[in-house]
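> A predicted structure for the sequence below; I have some questions about it.
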Amino acid sequence: MAFPGSTTSKMRGWAAAQTTSGADAGMMQEQLACGCMGGIDVHFEHGCGRRMSDGSSMWLTYLLELYKWQNDTALVHELWPHAKQAAQWQLNVSKAQGVPYKLETTYDILGLTRYVRTTEKRHTIVCECA
């Protein structure tokens, strides 16, 4: 592995940038470095981007995979409060409809939030209009 600590570092960075208040408390941010159209924040780990359902679920998946690869229980214990918050946010935004409600879930379709529910599986996107 070229950069053995990079995945652990990114996991900690996303945990540090996790939304902590409001309706999106617990959501993992889409990006750690913001400002692609302007100056980039050199301090990173402030988080920004769209309200996406896949950021939190992927972070949870990465934590599980990282544990399977490295068996680093100390890291899991360290990040567990963030994992619980991310999982709870995902449950909260899915409560009313059973699936994430009006959230971005892909980089391939612009304006996806105009649909009430979306499901992405492989290359097929199924959208239901409000």
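Everything's here; your move. Numbers count the residues shown, from 1 in each chain.

> remind me which residues of the chain are low pLDDT?
Within the chain, the stretches with pLDDT under 70 are 1-2, 35-46, 99-130.

> which stretches of it form helices?
Using DSSP state H, the helices of the chain run over 6-16, 53-70, 73-94.

> mind putting those into CSV with mean neighbour count and distance to residue 47?
(C-beta placed from N, C-alpha, C; glycine too.) Below are the helices of the chain laid out as CSV (neighbours: other CB atoms under 10 Å; distance: least, CB to CB, whole Å):
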stretch, mean neighbour count, distance to residue 47
helix 6-16, 16, 8
helix 53-70, 16, 9
helix 73-94, 16, 12
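
> as CSV, these with distance to residue 31 would be great.
Listed next are the helices of the chain as CSV, based on distance: least, CB to CB, whole Å:
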stretch, distance to residue 31
helix 6-16, 10
helix 53-70, 9
helix 73-94, 16
